[in-house]
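Novice: following is a predicted model, sequence given first.
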Amino acid sequence: MLKHNLMLGLLAFFLSLIPSVFAYGQQSIIGVVKDKTSTPIAGATLKLESPLLTNSQEMASNNDGGFVFLNLAPGNYQITASVPDYQNKSLQLTLATRSNLVIELKLEISSTLDVVEVKDRLLVDETESTSLSVANPDFINVLPLARKNNLPDLISAISPNAVSSHDNFVHFRGNELSLNTSVNGVSFIDNPHQYFAGGIPPDVIQSFTVLSGGFAAEYGNRFGGVVDAVTRSGFDGNNQGSISFGAGNFLRNNASIEYGGHTKKFGYFLYGAASQSQRFINPPEEKEFNSFGKGLRTFAQFDYKPGFSNTIRLLLINSGSNFEIPNTLEDEINGRDLFQRSREQTAILTYERKISANSLLVTSLYERLASSRLIPTSDTVSIQALGLRNTITTGLRSDYTHIFGTRHTLKTGLELTLYRLREDFFFDPRNPIIIDNNAGKNEEESEGFPIPSFNFRGRETGGNLAFYVQDKVKLSGRFTANLGLRYDQYSLVTSENQLSPRINLSYVIKPQSTSVFFSYNRFFAPPPIENLLLSSQLFQTALPDSGITSFPPRPSKSNLFELGVTQVLKSKQVLKLSLFYRNDKQSFELTEFANVRYFLPSTFVRGRAYGVELSLQVPEIPRLGISAYFNYAAQRAFQFGNI
């Protein structure tokens, strides 16, 4: 209780320090202009252009030839350097989510009176020491509708290590509960799955990056794969909208409408979508029984820019779905008609202030309400279950970034999160269910115990405090280190803390061609929040005389090692190969309770995973208008009991 009160007090204190105004642009381009002898050029004119910018931005390089463009959205840009008596140099680049891209522009002396412009394209960020994939609007728009129905399906299309399983979950590097969705810098630990919540609609994502290794200290919660997404803004369009319809077999029908626009200072973007499917949840058997579902999602974002240095963004998401719990053939014969309703409401208020030419402050207040209700079956034979879950997440996150020339990008941040869990669950097996607690023995040696009827009611409030500091250091023209340290204090059902170092290194062998990266990351991941109280108390509540000792799910603590190489081929394709090894203490898994598709978090004593991943990206071939990507992964994962 003392820790809970302390977190509440800290949260109230920091809320009192925040102004009442608070968009998301943590990306930056940092660079230096030099001549061919590597002498810095002062006073060079830098022009930044992009479809993401309402107007192009211009600035002059300082006495050291350096420049910084702050407050940028992720996406495609072109930067041009021009100096009298030198050839203009243009560089096309892609800015990933929350990246601080460091570039060098070398200018050649012009030998003619005509203006000569040298154009180039930056295919990879050689300073990045991470396994990441970047998806811009062009990539998202050309995907089939079935790939854009929900975020897990979208992620599995781009990342080589994301595997879709039979139960609609996505596994990252052997971990079932590792997909971390960050929306405009705010991360929730809710699982983005139809069983638990509707999640963010993929159509409202302006750009996203998938990270699977080399995590900086600013990332917390989940570490198999981080989906760092930036949502669309009214400033991206010009009072335009669209309506779309889709249809397919198994009643896979959908419709959506969107509209966005802006004035000089105010932008708005509105979106709504409805869908239905005869295969809303993957069935346990090949044939679909009792598998119909439908959902509705709405999204609104309002941006206000009162001045050059300040931006305010309000994001609102509301989603709901009603769906049948799929049956086996036996369930269908018995007439089982279990049904579930899920609802989610999310609000994020963000303030972004450009304090100086080299420093940026981003602070967000956020809240999410996620609820689900399991409606009992009407037949008299099947297992009976009734569940109600409500989770409220409230938090504050603040990040400060300062750029020192082209060598250091220092970033530090604080995050305070409060969780309020309310769970009710009634269970009646109708017929005795035997749980085998001697798995692996012969049938005549095996002993088990029945699960009797029970009625569970759980209430709990807790939270998480996190602080981090990191520095992206360019030690030389070829060597870059992203070093960080993160502290997490978690208190919900159990209480634990950890100090986590993050070491991410990259070395350029051949500029614009080959780079090698290595990383060691220590992780601290809170247990899944869905049905956490029921999982923690299940054995004591349902089996008071079983003699089994039960332990609630605890935070997972992991070590991840990764080694990789990025190679740009002569034809401009980007080839990436990476090897990883991960070991976990208290690794997570979802356990289905008694065949009613009610998933509970469980913890193994330890886990281990390793593998190799290969990706090939082919940029657009202008004369053919074709672009392509290829992903391959081979992984092995192990988990060791007790559970």
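Specialist: Received the coordinates, thanks.
Novice: so what's E344 bridging to?
Specialist: S319, A370 (DSSP bridges).
Novice: what ranges do the helices span in this protein?
Specialist: Secondary structure of the chain (DSSP state H): helices at 2-17, 137-142, 151-156, 329-334, 532-542.
Novice: where along the stretch 401-550 of the chain do the strands fall?
Specialist: 408-428, 434-436, 448-450, 454-474, 479-492, 494-510, 514-525 (DSSP state E, counting those that start in this stretch).
Novice: any chance of those strands in CSV, plus mean pLDDT, mean neighbour count and distance to T80?
Specialist: Yep, even glycine has a C-beta here, placed from its N, CA and C like the rest. Shown next, in CSV, are the strands of the stretch 401-550 of the chain (pLDDT from 0 to 100; neighbours: other C-beta atoms under 10 Å; distance: least, C-beta to C-beta, whole Å):
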stretch, mean pLDDT, mean neighbour count, distance to T80
strand 408-428, 93, 20, 23
strand 434-436, 50, 13, 68
strand 448-450, 53, 14, 73
strand 454-474, 93, 18, 23
strand 479-492, 94, 20, 25
strand 494-510, 91, 16, 24
strand 514-525, 92, 21, 25
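Novice: any chance of those in TSV, with distance to N249 too?
Specialist: Shown next, in TSV, are the strands of the stretch 401-550 of the chain (distance: least, C-beta to C-beta, whole Å):
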stretch	distance to N249
strand 408-428	36
strand 434-436	39
strand 448-450	42
strand 454-474	40
strand 479-492	43
strand 494-510	45
strand 514-525	39
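Novice: tell me which of the ones you listed lies nearest to N631.
Specialist: Of all these, strand 514-525 sits nearest to N631, with 18.2 Å by C-beta to C-beta.
Novice: gap between the closest one and the chain center?
Specialist: Chain-centre distance of strand 514-525: 17 Å, with C-alpha atoms, centre = their mean, to the nearest Å.
Novice: now that strand against strand 479-492, angle please.
Specialist: Per axes from the mean of the first three to the mean of the last three C-alpha atoms, to 10 degrees, the angle that strand 514-525 makes with strand 479-492 is 10 degrees.
Novice: which other helices and strands does strand 514-525 contact?
Specialist: Strand 514-525 sits against strand 479-492, strand 494-510, strand 556-568, with contacts defined as 3 or more C-beta pairs under 8 Å, 6 or more residues apart in numbering; DSSP states H and E.
Novice: hang on, isn't G241 packed against F269?
Specialist: No: G241 is beyond contact range of F269, at 9.7 Å (criterion: C-beta atoms under 8 Å).
Novice: who touches both of the two?
Specialist: Shared contacts of G241 and F269 (C-beta atoms under 8 Å, 6 or more residues apart in numbering): 258-260.
Novice: and Y487, what are its bridge partners?
Specialist: F467, L499.
Novice: please renumber so the chain begins at 9
Specialist: Taking 9 as the first residue, the last one we looked at is Y495.
Novice: distance of it from A225?
Specialist: To A225, Y495 is 9 Å away according to C-beta to C-beta, to the nearest Å.
Novice: quick one: closest of the helices and strands packed on strand 522-533 to L373.
Specialist: Between L373 and the helices and strands packed on strand 522-533, the tightest spacing by C-beta to C-beta is seen for strand 487-500, at 20.2 Å.
Novice: quick one: list the elements packing against that closest one.
Specialist: helix 10-25, strand 462-482, strand 502-518, strand 522-533.
Novice: I'd like the helices and strands packed on strand 522-533 laid out as TSV, including distance to A645.
Specialist: What follows is the helices and strands packed on strand 522-533, written out as TSV (distance: least, C-beta to C-beta, whole Å):
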stretch	distance to A645
strand 487-500	24
strand 502-518	22
strand 564-576	13
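Novice: right, so of those strands, which gets closest to T354?
Specialist: Closest to T354 of those is strand 487-500 (C-beta to C-beta; 19.8 Å).
Novice: alpha carbons of the closest one, in CSV - could you do that?
Specialist: What follows is strand 487-500, C-alpha atoms only, in CSV (Å, rounded to 0.1, in the frame of the first residue of the first chain):
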residue,chain,number,x,y,z
PHE,A,487,31.9,3.3,-35.0
THR,A,488,28.7,4.2,-33.1
ALA,A,489,27.6,3.1,-29.7
ASN,A,490,24.1,3.5,-28.2
LEU,A,491,24.5,3.0,-24.5
GLY,A,492,21.8,3.2,-21.9
LEU,A,493,20.6,2.3,-18.5
ARG,A,494,17.0,1.7,-17.3
TYR,A,495,15.4,1.2,-13.9
ASP,A,496,12.0,-0.4,-13.4
GLN,A,497,10.0,-0.7,-10.2
TYR,A,498,6.9,-2.9,-10.5
SER,A,499,4.2,-3.5,-7.9
LEU,A,500,1.0,-5.3,-8.8
